[in-house]
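J.: Sequence first, then the predicted structure:
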Amino acid sequence: MKQVLQDARTGEISVEEVPAPQSLPGCVLVRIAASVVSAGTERASAEFARKNLMQKAKSRPDLVREVIAKVQRDGIFSAIHAVRNRLDQPQSPGYSSAGTVLEIGEGINDLRPGERVACAGAGIAVHAEVACVPRLLVARIPTREIRDEVTFDEAAFATLGAVALHGIRTAEAKLGETVAIIGMGLIGQLTIQLLKAAGCRVFGMDVAPDRSELARQMGADAVATSASDFRDLCAQSTGGTGVDSVLITAETSSSEPVNLAGAIARDRAIVVAVGTVGIDIERKTYYEKELDFRISRSYGPGRYDAAYEQKGRDYPIGYVRWTEARNMESFLRFVSERKINVLPLITHRFPVERAKNAYDLITGKTSEPFLGVVLHYAGAEAPVRRLELVTSPASSAATPAGTVSVGLLGAGVFAGSTLIPAMKDSSATALVSVCAATGSHAQHAAKKFGFRSCTTEQAQVIDDPSINTVVIATRHHLHAGQVLAALRAGKNVFCEKPLCLSEDELRSIVRQYLTHSVRPALMVGFNRRFAPMTQKLKSFLRQISEPLALHYRINAGYLPPDHWVNDREQGGGRILGEVCHFADLLSNLAASRIVEVEARTLADVGRYSGDNVLASFRFANGSEARISYLANGDRSFSKERIEVFGGGVSAVLEDFRHLEMVRDGRKETIRSRWHQDKGHHAEWAAFVEHVRGNAKAPIPFEEVVSTTLTTLRVNESVSVGKPLQVNGPAFIESAVTDGGSDRDE
């Protein structure tokens, strides 16, 4: 299918062929007929992307601070690598569209294929021929006379209409009140019509005479083209008292609209910023009138709430009357009843193939006046979810014997920045196919790294006979199911941590793995044990025969509660998602499996999502360890520090860049000033040699199970508040024999 993509480095627009998305649970697959190009949001995004690095840094000082902290912690080359990869992923613009339902996902029972719908959501209702949209970001287009039905062009404005409606509701505008609108762009023009439909008197202002005149034609009671004229208009028309509320729908960095709003408002009026404007408020005016200044957040309650938007958990109508979906439905009813006229606002229409012309228009390259810009799509009936790339004869040749032929599930930032480059460094690795939920990500990874094909359907990777190894780099809740599917297909599996999110899932994986008489390779991405400095430390400790004392401090940094890792359903929380790394490394250094864990969290104060964890470990060989996993520190401070004591020696490894080892009073220090190596390349090289039959498993299956079980028990220990036993071998045996656990061992 065709999709509009934007280069995050340059802002350049291209129209690419990408695989169509799958219909996911709780979502509908929509064949898009029309989408609106936002002259506000999308123009601002394009202008930011076109800035050079210094200009980007000036406009986003928060990101600059993050980069500086990363330089201090990980080294300049690691920081540069991270920045480049962040800018590498293509952006998918668009957030307001309309089309026809093609497929419905599991759990949807109130829509049917063939129904006409409007779609919303940045990164969801993108400019593409097909979109997968969560149910609560879809609104059914009302029907009216067949010869005069609501067109897709009209319905494509539903998201913008919802923005306008939410602004009006935020302003609490009531029947008979006088409302002023500053800024006569698309949102302003829609706001005028909605307010008139609600029985309000409306004054509009825009410095562009043609937009002010259009506002008058759309129903505004009076308009002005300058701030001074607008002050006079509002004063004279209200007998000097001022307007009841002001909606600022302009898009500017200037604070003049906010202060103009204060000047024209009556005492205790409400001023609402709908557009992105400067908010350097002149306090005197707002104080003397006791004005209520508000910012309208997008298109209604539910926006930015993953539980609502992604998981379909609607708000009860008795408590939240107007959600973003209900705002969309309400706007579409206004259009259907001819109380809102969208068509005069459309100044330009382009086929999607000419999307670049649309962006040249809204960014001012053509110097042509415009207002509503709509893209049209032909759209094939059957979505194509696999894209074969044009390859050279060498890359399309049969894979040589002994080659690890890879099918990759997941093409996010980590896969693109770390995992795939490690694979490409191996001459014995062939990149065959990459699958991602988002077709643009799959296509970008395939083109950048030389995969032969890309897809959005994981079965096309797992069932591909030319692929002998499946690499899993998706979100955590998908890992167990994908591991099981790959093992059933007889594939070797490399799974990024964690392996799974529950003991039941682990038990299923153990049973499936052990059913094979000739067992495929199964490895989890516990890369730290393969880091060069870890190897030096391991060699230093090899001669010690007595138990070790180890302390691992991780300055993990704060993650907001709504981050997907903190979502118990998707990420499983940071203990399962990250602490497994550190448990594995401690077990590797102690050269023994963990037999007991005890963990607790610091008082959370409602901010940290239980991320500050203190865990103690006892090993079979008598060693003891402690992990302090902390989210409450400063990110610029070192992230990871391991201290080891035993047998008369001491060692400290800090951030895999600085290693000190002391024996008999003599200190050996190893430093890496510019670069941090956490072992990803060595990890993949070791896995490849194992798959090719040249080496034993880099991490034995029993250790993979033991570390995963340990992490699950750490999570449980936090909940139950007591030590828990860990017996990996017994767990494996019980999983095969009776499906039980190791707890009675």
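T.: Received, thanks. Residues are numbered from 1 along each chain as shown.

J.: Run through the protein and note the low-pLDDT ranges.
T.: Along the chain, the model assigns pLDDT under 70 to residues 43-88, 144-147, 379-381, 390-399, 739-745.

J.: out of all of them, which helix in it is the longest?
T.: Ranked by residue count under DSSP state H, the longest helix found in the chain is helix 701-720.

J.: May I see the buried residues of that helix?
T.: Buried residues in helix 701-720, defined by neighbour count with 16 or more other Cβ atoms under 10 Å: 701, 703-715, 717-718. Quick note: C-beta positions are derived from backbone N, CA and C, even for glycine.

J.: of the residues you listed, closest to Thr151?
T.: Asn715 (52.6 Å; Cβ to Cβ).

J.: Do I have it right that that closest one meets Gly573?
T.: Yes: Asn715 lies in contact with Gly573 (Cβ atoms under 8 Å); the separation is 6.9 Å.

J.: The stretch 601-745 of the chain: strands as residue ranges?
T.: 613-619, 624-630, 640-646, 649-654, 658-663, 666-671, 724-725 (DSSP state E, counting those that start in this stretch).

J.: Need those in a markdown table (columns: mean neighbour count and distance to Leu514).
T.: Conversion of those to a markdown table gives the following (neighbours: other Cβ atoms under 10 Å; distance: least, Cβ to Cβ, whole Å):
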| stretch | mean neighbour count | distance to Leu514 |
| --- | --- | --- |
| strand 613-619 | 21 | 25 |
| strand 624-630 | 20 | 29 |
| strand 640-646 | 20 | 33 |
| strand 649-654 | 19 | 35 |
| strand 658-663 | 18 | 38 |
| strand 666-671 | 10 | 41 |
| strand 724-725 | 16 | 22 |
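
J.: Format those as a markdown table; extra columns: distance to Ala358.
T.: Listed next are those as a markdown table, based on distance: least, Cβ to Cβ, whole Å:
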| stretch | distance to Ala358 |
| --- | --- |
| strand 613-619 | 50 |
| strand 624-630 | 48 |
| strand 640-646 | 47 |
| strand 649-654 | 51 |
| strand 658-663 | 52 |
| strand 666-671 | 53 |
| strand 724-725 | 59 |
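
J.: separation between Thr474 and Val432?
T.: 17 Å (Cβ to Cβ, to the nearest Å).

J.: Then Ala155?
T.: For Ala155 relative to Val432 (Cβ to Cβ), the value is 41 Å.

J.: next one: Pro723
T.: From Pro723 to Val432 the distance is 46 Å (Cβ to Cβ).

J.: More neighbours: these two, which one.
T.: Higher neighbour count among Pro723 and Val432: Val432, with 21 against 14, using other Cβ atoms under 10 Å.

J.: Pull the number of nearby residues for Leu506.
T.: 23.

J.: Over to Ser417?
T.: Counted with other Cβ under 10 Å, Ser417 comes out at 17.

J.: ditto for the one 10 residues further on
T.: Other residues near Ser427 come to 8 when the count uses other Cβ under 10 Å.

J.: Quick check: which element contains it?
T.: Assigned by DSSP states H and E, Ser427 falls within no helix or strand.

J.: which residues does it contact?
T.: By Cβ atoms under 8 Å, 6 or more residues apart in numbering, Ser427 lies in contact with nothing.

J.: Tell me the backbone dihedrals of it, please.
T.: Dihedral pair for Ser427: phi -70, psi -20, per degrees, to the nearest 10.

J.: now swap in Val271 and tell me
T.: According to degrees, to the nearest 10, Val271 has phi -110, psi 130.

J.: mind checking how far the residue positioned nearest the centre of the chain is from Arg9?
T.: Residue closest to the mean C-alpha point of the chain, counted by Cα atoms, centre = their mean, is Trp564 at 7.8 Å. Distance, Trp564 to Arg9, using Cβ to Cβ: 25 Å.

J.: any idea where the helices of the stretch 1-150 of the chain begin and end?
T.: 41-50, 53-59, 61-74, 76-86 (DSSP state H, counting those that start in this stretch).

J.: Now for the nearest residue to Glu388 once chain neighbours are set aside, how many residues are close by?
T.: Residue nearest to Glu388 in three dimensions, not counting chain neighbours: Ser453, with 5.0 Å by Cβ to Cβ, 6 or more residues apart in numbering. Look at Ser453: counted by other Cβ under 10 Å, it has 23 neighbours.

J.: What's the separation between Ser453 and Gln89?
T.: Separation of Ser453 from Gln89 (Cβ to Cβ): 20 Å.

J.: again, but for Ala599
T.: Taken as Cβ to Cβ, the span from Ala599 to Gln89 is 36 Å.

J.: and the two? which has more neighbours close in?
T.: Ala599 (25 against 21).

J.: Could you confirm the more buried one falls within a strand?
T.: Yes: assigned with DSSP: H, G, I helix; E, B strand; the rest coil, Ala599 falls within a strand.

J.: Would you agree it is in contact with Gly721?
T.: No: here Ala599 lies out of contact with Gly721, judged by Cβ under 8 Å, at a distance of 9.2 Å.

J.: what bridges to Ser650?
T.: Taking DSSP bridges as the rule, Ser650 bridges to Phe645, Val662.

J.: That one touches Gly665, doesn't it?
T.: No: here Ser650 lies out of contact with Gly665, judged by Cβ under 8 Å, at a distance of 10.8 Å.

J.: Which strand in the protein has the most residues?
T.: Of all the segments assigned as strand in the chain under DSSP state E, the longest by residue count is strand 27-37.

J.: Note down every partner strand of it and its orientation.
T.: Strand 27-37 has these strand partners (DSSP bridges): strand 96-104 (antiparallel), strand 130-134 (antiparallel), strand 372-376 (antiparallel).

J.: Report the buried residues of the next helix or strand after the last one.
T.: Where DSSP H and E defines the elements, the next helix or strand beyond strand 372-376 is strand 386-388. Neighbour-count burial for strand 386-388, with 16+ other Cβ under 10 Å as criterion, is recorded at Arg386, Leu387.

J.: Can you spell out which helices and strands pack onto strand 386-388?
T.: Here strand 386-388 touches helix 439-449, strand 453-455, going by 3 or more Cβ pairs under 8 Å, 6 or more residues apart in numbering; DSSP states H and E.

J.: Now do the same contact list for Phe203.
T.: 178-181, 220-224, 230, 233-234, 237, 243.

J.: how about 10 Å then?
T.: 178-182, 192, 215, 220-224, 230, 233-234, 237-238, 243, 246, 264 (Cβ atoms under 10 Å, 6 or more residues apart in numbering).

J.: Compute the distance from the centre of stretch 610-626 to the centre of its chain.
T.: Offset of stretch 610-626 from its chain centre (Cα atoms, centre = their mean, to the nearest Å): 32 Å.

J.: now do stretch 442-456
T.: 19 Å.

J.: okay, how far is it across it, tip to tip?
T.: By Cα to Cα, to the nearest Å, the extent of stretch 442-456 from end to end equals 7 Å.
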